[in-house]
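Student: Here is the input, now give the coordinates:
(one chain, ligands or ions: 1)
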Amino acid sequence: MAYIEPAPLLDKENPFEAMMSRFQTASQILGLDDEVYNVLKSPARQAIVSLPVTMDDGSIKVFEGYRVIHSTILGPSKGGIRFDPNVNLDEVKALAAWMTWKCAVVDIPYGGAKGGVCCNPREMSAGEIERLMRSYTLSMIDIFGPDKDIPAPDMGTGPREMAWLMDEYSRTQGMTVNAVVTGKPIVLGGSLGRTEATGRGVMVTAMSAMQKLKINPYNATCAVQGFGNVGSWAARLLAERGLKVVAISDLHGAYHNENGVDIEAAVKYRDDNKGSLEGFKGAERISGEEILTLPVDVLVPAATEDVINSRNAEKIQAKLIVEGANGPTSSKADGIINEKGIIVAPDILANAGGVTVSYFEWVQNRLGYKWTAERVNRRSDRIMKDAFDHVFKTSQDYKVPLRIAAYMVAIDKVAKTYKYRGGY
Ligand code: GLU
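Tutor: All right, here's what the predicted structure looks like:
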């Protein structure tokens with residue numbers, strides 16, 4: 001089958017400004033005073049580093065890396081590290097702020113941070129990625145710490161990279177410090193349930209929202225855009241709950257099957273095919289843009305920012321959007337989506353399952369103890385359900401969309417904590 005060029009997906013919106021526009025709206029409704037608003041609008045700390053790495057061919061390539069701490073008001077800052085060619089400071093700033101709001105929405109005792117390196121891990125060898133990760137860790141040695149700033153995986157990184165980070169950090173401390181990073185392999189102190197945690201939280205959020213909207217999961221269809229860790233787990237778990245997942249997609253294109261895509265087969269195909277769905281036979285090939293506008297009940301964008309934007313928002317037919325990715329809906333699209341009566345379970349709520357189980361991993365590391373998968377899942381499901389109910393009630397009380405309600409819940413918590421702690 002011919003290769004279908006994916007449509008350009010970005011609204012070209014500055015992600016930090018997109019975050020700020022929602023933050024402003026929620027702050028105004030809350031009547032947040034200027035002092036707190038000014039504290040929360042700018043990140044607490046921003047580090048930019050140059051990372052020279054010897055490539056396999058002997059040349060030296062210099063990568064630019066970032067770590068932005070948005071806030072430590074609720075506790076040590078928490079947030080993933082992204083290895084992606086689109087990484088830039090404004091994106092990392094927005095993602096760091098989103099982590100602050102995300103931790104506050106699910107009520108875990110962390111501030112928000114994010115890191116990133118502008119690189120293309122798909123074109124790098126394991127050795128090159130390892131040297132880059134170790135070099136990044138050393139550059140951030142004064143920032144990271146189990147009581148200061150705790151990284152985790154994000155796009156382009158996973159347990160393998162977190163193991164290198166933990167090892168490099170531990171070497172500098174002269175002891176094993178596994179609580180400095182989460183999302184580690186299980187043998188290094190990773191938590192059971194962490195790999196599937198974000199997708200599982202997306203599923204719990206989708207089920208909670210469907211219950212409110214009176215959508216019967218056994219009659220519902222779903223499209224999942226993005227088939228990395230979050231998308232593939234969300235698809236698998238939603239299918240287990242009875243939804244018919246009629247389309248999935250990755251970077252190269254989308255796959256549609258009206259009778260339902262066999263998700264297990266797609267996962268296996270991807271794993272045997274260097275992470276790509278290219279050539280997957282269980283469905284008809286459609287474009288990456290088409291998957292967003294299919295006539296489904298539930299749409300799960302689980303790839304990257306701004307895929308739902310002012311160009312395509314009008315064409316979206318889903319009744320419910322559950323944001324597995326961070327920032328998948330541009331702020332320009334918010335109004336169009338609301339106008340159409342589509343309910344959006346926003347990123348800072350819907351994808352918070354990952355950081356919630358990261359918190360459990362950190363707790364287990366600090367206790368030197370291991371929880372069963374059953375305990376991890378039960379506790380994270382409860383946190384996700386409670387957070388959804390809280391945000392839903394706020395949206396009804398204030399007559400605002402779920403996104404603004406989630407920001408209100410988060411900002412209110414951080415602002416109250418700030419008031420108690422006080423500033424100079
Ligand atoms: N990168 C994930 C996120 O965006 C996880 C962060 C964490 O576990 O600290 O939520």
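Student: What's the local residue count around residue 174?
Tutor: Close neighbours of residue 174, defined as other C-beta atoms under 10 Å, add up to 7. Any C-beta I mention is one placed from the backbone N, CA and C, and that applies to glycine too.
Student: Which residue is it, in the stretch 301-424 of the chain, that comes closest to the ligand?
Tutor: For the stretch 301-424 of the chain, the residue closest to the ligand is residue 358, as judged by C-beta to the nearest ligand atom, at 3.2 Å.
Student: Can you point out the helix or strand that includes that residue?
Tutor: Per DSSP states H and E, residue 358 falls inside helix 353-367.
Student: Could you check that helix and say which residues are buried?
Tutor: Buried positions in helix 353-367, judged by neighbour count with 16 or more other C-beta atoms under 10 Å: 353, 354, 355, 356, 357, 358, 359, 360, 361, 362, 364, 365.
Student: So the last one is in contact with residue 178, correct?
Tutor: Meaning residue 365. Yes - counting by C-beta atoms under 8 Å, residue 365 does reach residue 178; the two are 4.7 Å apart.
Student: which residues are in contact with both of the two?
Tutor: Residues touching both residue 365 and residue 178 (C-beta atoms under 8 Å, 6 or more residues apart in numbering) are residue 189.
Student: by contact count, what packs against the helix or strand encompassing residue 378?
Tutor: Here residue 378 sits within helix 373-398, counting by DSSP H and E. Counting contacts by 3 or more C-beta pairs under 8 Å, 6 or more residues apart in numbering; DSSP states H and E, helix 373-398 is packed against helix 89-105, helix 194-213, helix 347-350, helix 353-367, helix 402-421.
Student: Next to the ligand, which bits of the protein? Give me the list.
Tutor: 78, 79, 80, 152, 154, 182, 326, 351, 354, 355, 358 (C-beta under 6 Å from any ligand atom).
Student: Now do the last one against residue 153, distance only.
Tutor: The span separating residue 358 from residue 153 equals 9 Å under the rule C-beta to C-beta, to the nearest Å.
Student: Looks like the residue of the stretch 301-424 of the chain closest to the ligand contacts residue 181 (just checking).
Tutor: No - using C-beta under 8 Å, residue 358 is not in contact with residue 181; the gap is 9.1 Å.
Student: in the helix holding residue 378, what's buried?
Tutor: 376-377, 379-381, 383-384, 387-388, 390-392, 394-395.
Student: cool, stretch 414-424 as well?
Tutor: Neighbour counts over stretch 414-424 (16+ other C-beta under 10 Å) mark 414, 415, 417, 418 as buried.
Student: separation between the first one and residue 16?
Tutor: Residue 414 sits at a distance of 17 Å from residue 16 (criterion: C-beta to C-beta).
Student: Show residues contacting the helix or strand bottoming out on mean pLDDT in the chain.
Tutor: Every helix and strand of the chain was ranked by mean pLDDT, DSSP states H and E. The lowest is helix 34-41, at a mean of 89. Contacts of helix 34-41 with the rest of the structure, by C-beta under 8 Å, 6+ apart, involve 20, 23, 27, 71, 100, 411, 414, 415, 418, 419, 423.
Student: So what's the residue count around the third one?
Tutor: The reference is to residue 27. Residues near residue 27, counting by other C-beta under 10 Å: 22.
Student: Remind me which helix or strand it belongs to.
Tutor: Element membership of residue 27 [criterion: DSSP H and E] is helix 15-30.
Student: excluding its backbone neighbours, what's nearest residue 18?
Tutor: Spatial nearest neighbour of residue 18, chain neighbours left out: residue 331 (4.3 Å); criterion: C-beta to C-beta, 6 or more residues apart in numbering.
Student: for that neighbour, what are its contacts?
Tutor: By C-beta under 8 Å, 6+ apart, residue 331 lies in contact with 13, 17, 18, 21, 22.
Student: What is the nearest of those to the ligand?
Tutor: Closest to the ligand out of those is residue 18 (15.5 Å), distances taken as C-beta to the nearest ligand atom.
Student: Please verify my assumption that that closest one contacts residue 330.
Tutor: Yes - Residue 18 is within contact range of residue 330, at 6.0 Å (criterion: C-beta under 8 Å).
Student: Find residues that contact each of these two.
Tutor: 305, 306.
Student: I'd like the distance between residue 328 and residue 358.
Tutor: Applying C-beta to C-beta, the value for residue 328 to residue 358 is 21 Å.
Student: ok, now residue 316?
Tutor: Residue 316 is 31 Å from residue 358, by C-beta to C-beta.
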